[in-house]
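Asker: Model the structure of this input:
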Amino acid sequence: MSRKFKALVVGDAMIRGAAFEASAQQILGPRLSGLEAGEWESDAGKLQARRLAVEKQGPEIEIVDPVIETNGRDAELLAGLFVPVSSKVMDAMPKLRIAGVARAGVENVNVKAATERGILVFNVMGRNAEAVSDFAVGLMLAECRNIARSHAGIKNGEWRKKFVNSEWTPELKGKTVGLVGFGFIGSLVAQKLSGFGVKLLVHDTWIDPAVITAAGGTPVDKETLFRESDFVSLHARLLPGGAKLVGPAEFAMMKPTAYLINTARAGLVDEAALVAALKSNRIAGAGLDVHSSEPILPGSPILDLDNVTLTSHIAGTTREALTRSPDLLFTDIAKLFTGGAPNGIANPEVLQDPRFTAWLAEVKS
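Answerer: Predicted structure coming up:
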């Protein structure tokens, strides 16, 4: 006879605790002995700053939220979006066996500490892939065709016809697009660009080259991609130790008519090198949805450039991406209890941990 267990869900300004609560109740309800819900950061402006700090420095910089202190002692499952799941949170939740975040990244979870404690960490791969891939293609067009700059000019009483790239404003047809990363998002960008008649180069050391070829791309090394691409679009995770994927060497390789598009992580790009490349017209332009400081600090040199399109980290924020995320998370977790194979486990070694297997045997049907 399986036993029930208690869950705690912690929302924020992007996905509220009530949304997590309704989803958990619908999908896991019969297995739960109790379900508590709360909020980590309900102010949208403060959330942006706090989540960015956690992504840069890890969850240990945050204190244990009062909602966890109050309701987490007996909870065996913790779920949320950006709530920091630090070793301190795990200490405050001695019965915790599953920690789930309804996002692709696990920067807000101390996965190492969770693994050491036999806690299984879930994430949701591809939950905003449609949204971000749409946006990446949109940024390519907005930047190279001066869409945002023309709009801003009209709003300011200026009928602009002259831009930095006026002599070589491109069409996408026949151009080479280099995708760095070919996971959920990168592969969708490739699919959506197929109708534009572009040539696709892909650099991803984790993906079977046959998969890239089958999708219409050509697997290449990083240097070839940066040398030959008219557009370089980043869809990779952060590198270990904070190493930069794109720096002075990469900008030196790029064509002077090429564009850099980043909807992934600001930390992938050496910002000073990017500003220098744009200011000197070493590259034609850039489209950026992610930034080293959010909001961008007043006086940042990137604000003075006329060959960059800047957006406020909104690529993944669509109604569909947000509303589907808790359901995707809890549906994946539910597979544990019915003999299925979950898709989004960040530390699969825990599946062999005796502490976790004993717990799962108790609650599994």
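Asker: any chance you could map the strands in the stretch 51-200 of the chain?
Answerer: 77-80, 98-101, 120-122, 176-180, 199-203 (DSSP state E, counting those that start in this stretch).
Asker: Just the terminal-to-terminal distance for stretch 210-221.
Answerer: 15 Å (Cα to Cα, to the nearest Å).
Asker: per-domain residue ranges of the protein.
Answerer: 5-127+319-363, 129-310 (automatic domain parsing).
Asker: Now find how far off-centre the shortest one is within its chain.
Answerer: Spelled out, it's domain 5-127+319-363. Centroid displacement of domain 5-127+319-363 relative to its chain, using Cα atoms, centre = their mean, to the nearest Å, is 17 Å.
Asker: which outside residues touch whichever helix or strand Leu47 is part of?
Answerer: Using DSSP states H and E, Leu47 sits in helix 44-57. Residues outside helix 44-57 that contact it (Cβ atoms under 8 Å, 6 or more residues apart in numbering): 12-14, 41, 61-62, 82, 84, 105, 107-108, 265, 267, 293-295, 313. Where you see a C-beta, it was placed from the backbone N, CA and C, and this is true even at glycine.
Asker: 6 Å - rerun?
Answerer: For helix 44-57, the surrounding residues in contact (Cβ atoms under 6 Å, 6 or more residues apart in numbering) are Asp12, Ala13, Glu41, Phe82, Pro84, Glu107, Asn108, Glu294.
Asker: circling back to that earlier point, the strands of the stretch 51-200 of the chain: which one's closest to Ile147?
Answerer: Proximity to Ile147 (Cβ to Cβ) singles out strand 176-180 among those, at 17.9 Å.
Asker: Include mean neighbour count and mean pLDDT when you put the domains of the chain into a markdown table, please.
Answerer: Formatted as a markdown table, those follow (neighbours: other Cβ atoms under 10 Å; pLDDT from 0 to 100):
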| stretch | mean neighbour count | mean pLDDT |
| --- | --- | --- |
| domain 5-127+319-363 | 19 | 95 |
| domain 129-310 | 18 | 96 |
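Asker: List the contacts of stretch 301-318.
Answerer: 128, 131-132, 135, 142-143, 148, 164, 263, 275, 278, 285-290, 294.
Asker: Among these, which ones are in helices?
Answerer: The helices, defined by DSSP state H, take in Ala131, Val132, Phe135, Ala142, Glu143, Ala148, Val275, Leu278 from the contacts of stretch 301-318.
Asker: From what I see, the fourth one and Arg149 are in contact.
Answerer: No: between Ala142 and Arg149 there is no contact under Cβ atoms under 6 Å: 8.8 Å.
Asker: what packs against the host helix or strand of Ser325?
Answerer: Using DSSP H and E, Ser325 sits within helix 319-334. In terms of contacts (3 or more Cβ pairs under 6 Å, 6 or more residues apart in numbering; DSSP states H and E), helix 319-334 is packed against helix 17-28.
Asker: mind checking how far the closest residue in space to Phe226 that isn't next to it in sequence is from Leu260?
Answerer: Once flanking residues are discounted, Phe226 sits nearest to Met253: 4.2 Å by Cβ to Cβ, 6 or more residues apart in numbering. Distance from Met253 to Leu260, counting by Cβ to Cβ, to the nearest Å: 12 Å.
Asker: what residues are shared contacts of the two?
Answerer: By Cβ under 6 Å, 6+ apart, no residue touches both Met253 and Leu260.
Asker: what's the nearest residue to Gly340 if we skip its chain neighbours?
Answerer: Ala334 (7.7 Å).
Asker: Alright, that wraps it up for me.
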